[in-house]
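[1] Task: produce atomic coordinates for the following.
(one chain, ligands or ions: 2)
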Amino acid sequence: MVELHGLTKVFKNIRAVDNLSFRVEEEIYGLLGENGAGKTTTLRMLVAMVKPPSGTAKINGKDLIKEPEAIRSIVHEPKVMLFDEPTSGLDVGSVREVHDFIRFCKEEGKTIIFSSHSMAEVEKLCDKIGIIHKGKLIEEGSIEVLKEKYKTDNLEELFMEFGR
Ligand SMILES: Nc1ncnc2c1ncn2[C@@H]1O[C@H](COP(=O)(O)OP(=O)(O)OP(=O)(O)O)[C@@H](O)[C@H]1O
Ligand SMILES: [Mg+2]
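    Ligands and ions are numbered 1, 2, ... in the order given. Below is the predicted model:
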């Protein structure tokens, strides 16, 4: 399980990740957002590649700040898998292979977060999505619940609205 608590990262004057909190169980969680929204910085903090100046996260109960080493071994025998735009630039066949692999990982009981620009992709794959905008989580939920909430079948449209 992955839990973020007020995770924040500031580069000079840019709040790349701004007080981000969310929780991922044994499911596929899609992190969506426009260029520069903060997806990559969030994922890098979760694998202890970038130290967050404030907030923290727990991966399978291990604290990212207090036990970064424990998190790096978890990464070698992963119960948790993070994918940063894994299908970007791939052809249709390769995209399918990546998707099959991610589904296989879920069947193995892994907790998965992946970032994407493609609403169609997350609709196909994810149990839950989080939409990130200027470092903040501005919406979260299952695809079904979001469609119901915004009374639309077209989440691509909805995503464009959030980006404005
Ligand atoms: N090492 C760094 N130094 C300074 N600013 C950075 C650094 N890394 C990221 N940023 C800034 O932090 C913000 C978030 O960037 P990040 O790469 O996390 O976004 P992203 O959602 O992954 O975007 P993309 O969809 O383009 O991959 C941006 O404003 C970016 O310019
Ligand atoms: Mg990125």
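
[2] okay, CA-based contacts and neighbour counts for the rest of this
    Noted.

[3] Which phi and psi values does the closest residue to Lys110 other than its chain neighbours adopt?
    In space, Lys110 comes closest to Lys79 once its chain neighbours are excluded; the distance is 4.9 Å by C-alpha to C-alpha, 6 or more residues apart in numbering. When read as degrees, to the nearest 10, the backbone of Lys79 gives phi -100, psi -20.

[4] contacting residues for Lys79?
    Shown in contact with Lys79 (C-alpha atoms under 8 Å, 6 or more residues apart in numbering): Gly109, Lys110, Thr111.

[5] redo that, cut-off 10 Å
    By C-alpha atoms under 10 Å, 6 or more residues apart in numbering, the contact set of Lys79 is Met1, Glu26, Ile59, Asn60, Cys105, Lys106, Glu108, Gly109, Lys110, Thr111, Ile112.

[6] Identify, by residue count, the longest helix of the chain.
    Secondary structure of the chain read by DSSP state H shows that its longest helix is helix 92-107.

[7] what element comes up after it heading to the C-terminus?
    Heading C-terminal from helix 92-107, the first helix or strand you meet, by DSSP states H and E, is strand 111-116.

[8] send the alpha carbons of that following strand over as PDB?
    Taking Å, rounded to 0.1, in the frame of the first residue of the first chain, the C-alpha atoms of strand 111-116 are listed here in PDB:
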ATOM      1  CA  THR A 111       0.000  -1.900  -5.800                       C
ATOM      2  CA  ILE A 112       0.500   0.100  -9.000                       C
ATOM      3  CA  ILE A 113       0.700   3.800  -9.800                       C
ATOM      4  CA  PHE A 114       1.300   4.900 -13.300                       C
ATOM      5  CA  SER A 115       1.300   8.400 -14.900                       C
ATOM      6  CA  SER A 116      -0.200   9.100 -18.300                       C
END
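
[9] any residues touching the following helix or strand past that strand, and which ones?
    Using DSSP H and E, the helix or strand that follows strand 111-116 in sequence is helix 119-125. The contact list for helix 119-125 (C-alpha under 10 Å, 6+ apart) reads 28-33, 87, 95, 99-100, 102-103, 114-116, 128-129, 142-144, 154-159.
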